[in-house]
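>>> What follows is a protein structure lacking sequence information:
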């Protein structure tokens, strides 16, 4: 608990809980030197509370991601050690959905090709909210839906085989409550959307690999599906259902 009890490390975790970020972004948000921020991020990485992945847009940059599941386990263990009545069981807590009688929350998922990550996220959000949230996905340079994305979603009981890929232009004039970029390259060119949507970035590697067979890359698609489902479940706890219809 001492590790995350440090004020700066707690602030870092708080910022990363809402979006994956670069060191310089965290330094600007916290008003601290990049070297100091990097040091504390290193402490959190050693404890496996934070991970780092090189940016697909610029390999000189890196995105940091918080492992909220591990953070929850650590906090729960500390609470239970203090008193058994303080046991925390996040898996038993349901997010505020479905929101019957309310205007559905609208969430947009973006990646470059709209062929895998964003399509999978769209489908998972629809399933996890029971249709109480409206999801859409699009890409800056749409490609055909990847067969492994279809196959990975089939493992979750979801059929996306009939879905089409969509251009970013189709979403640019629509209103969304939350916009989630899943591709580092697209994050750099993401346009502004009407209103003031919450903008979130999840730095998730493209699971496709033209140099490998679909069978060889399928495990990467399965990992992306698990990552997306975990992130979406945590995202749902931050969504405030809109006003009654």
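Received, thanks. Quick caveat: nothing in here was measured; it's all calculated off a predicted structure.

>>> what pLDDT does residue 100 get?
Looking at residue 100, its pLDDT is 52.

>>> my bad, residue 176
pLDDT at residue 176 comes out at 93.

>>> got it, and the one 4 residues further on?
Looking at residue 180, its pLDDT reads 97.

>>> Can you give me the distance of it to residue 64?
According to C-beta to C-beta, to the nearest Å, residue 180 and residue 64 sit 17 Å apart. Using the backbone N, CA and C atoms, a C-beta is placed for each residue, glycine as well.

>>> Over to residue 16?
6 Å.

>>> Also residue 225?
From residue 225 to residue 64 the distance is 22 Å (C-beta to C-beta).

>>> go on, residue 2?
From residue 2 to residue 64 the distance is 21 Å (C-beta to C-beta).

>>> Contact partners for residue 179?
Neighbouring residues of residue 179 by C-beta atoms under 8 Å, 6 or more residues apart in numbering: 107, 108, 110, 190, 193, 197, 198, 199, 200.

>>> does residue 200 count as helix, strand or coil?
Of the three states, residue 200 takes strand according to DSSP: H, G, I helix; E, B strand; the rest coil.

>>> show me the residues around it that make contact.
18, 19, 178, 179, 180, 181, 235 are the contacts of residue 200 under C-beta under 8 Å, 6+ apart.

>>> picking that back up, between residue 2 and residue 64, tell me which one has more neighbours.
residue 64 (23 against 6; other C-beta atoms under 10 Å).

>>> what about that one, which helix or strand?
Using DSSP states H and E, residue 64 sits within strand 62-66.

>>> Point out the other helices and strands that that strand packs with.
For strand 62-66, the packing partners by 3 or more C-beta pairs under 8 Å, 6 or more residues apart in numbering; DSSP states H and E come out as helix 7-18, helix 23-30, strand 50-54.

>>> pLDDT of the longest one, averaged?
Per-residue pLDDT values across helix 7-18 average out to 95.

>>> That one: which residues count as buried?
In terms of neighbour count (16 or more other C-beta atoms under 10 Å), helix 7-18 has its buried residues at 8, 9, 11, 12, 13, 15, 16.

>>> and the closest residue to residue 67 other than its chain neighbours, what is it in contact with?
If the residues on either side of it in the chain are set aside, residue 67 comes closest to residue 49, at 5.8 Å by C-beta to C-beta, 6 or more residues apart in numbering. Applying C-beta under 8 Å, 6+ apart to residue 49 gives the contacts 3, 4, 13, 66, 67, 70, 71, 74.

>>> Could you grab the helix/strand/coil label for residue 180?
Classified using three-state DSSP, residue 180 is strand.

>>> Is it correct that residue 15 is in contact with residue 26?
Yes - at 6.0 Å, residue 15 counts as touching residue 26 under the criterion of C-beta atoms under 8 Å.

>>> returning to that earlier point: ok, now how distant is the residue nearest to residue 67 from residue 187?
Residue 49 is 23 Å from residue 187, by C-beta to C-beta.

>>> For this protein, give me the ranges with low pLDDT.
1, 87-103, 240-245 (pLDDT under 70).

>>> what's the domain layout of it?
2-91, 105-236 (automatic domain parsing).

>>> Off-centre distance for the first one?
Translated: domain 2-91. Here domain 2-91 shows a centroid-to-chain-centroid distance of 15 Å under the convention C-alpha atoms, centre = their mean, to the nearest Å.
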